[in-house]
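Undergrad: Sequence first, predicted coordinates after that:
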Amino acid sequence: MENKLPRMRTLDECAVMLRELDPDTAVSKHYVRRLALTGEIPIVMCGRKRLINFDKLIEYLNEPHTESAKMYSMPTCGGIRKVG
């Protein structure tokens, strides 16, 4: 059994690492901050710093499991409806 230490990073470090993985990413630093503050991804307070588990961030971006993620996703059906 291998114990793997999670990659705990600051918000700025997460943004840099995301850009390294995908230079054209549309994921903003603001979005990652919102995920951390709402508890969608785990954080650990280290003094006054919030450390984000980068591995959990990537896992979340690959497959969001929460209601808020579903709320912002594209509808499966829809179209233009008549107003009025």
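TA: Arrived safely, thanks for sending. This one's a predicted model, so the numbers in the text were calculated from it and none came from an experiment.
Undergrad: Now do the helices in the protein.
TA: Applying DSSP state H to the chain gives helices spanning 11-21, 29-37, 54-62, 67-72.
Undergrad: worst average pLDDT in those?
TA: Confidence, taken as mean pLDDT, is least for helix 67-72 of the helices of the chain (a mean of 52).
Undergrad: I'd like the helices of the chain laid out as CSV, including mean neighbour count and distance to Leu5.
TA: Using the backbone N, CA and C atoms, a C-beta is placed for each residue, glycine as well. Listed next are these as CSV, based on neighbours: other C-beta atoms under 10 Å; distance: least, C-beta to C-beta, whole Å:
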stretch, mean neighbour count, distance to Leu5
helix 11-21, 15, 15
helix 29-37, 16, 19
helix 54-62, 16, 10
helix 67-72, 10, 27
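Undergrad: what's the closest of these to Asn3?
TA: When the helices of the chain are compared by C-beta to C-beta, helix 54-62 sits nearest Asn3, at 13.6 Å.
Undergrad: outside of that closest one, which residues touch it?
TA: Applying C-beta atoms under 8 Å, 6 or more residues apart in numbering, the contact partners of helix 54-62 are 6-9, 13-14, 17-18, 21, 27, 32, 35, 40-42.
Undergrad: cool, stretch 21-37 as well?
TA: 11-12, 14-15, 18-19, 40-41, 43, 50, 52, 57-58, 60-61.
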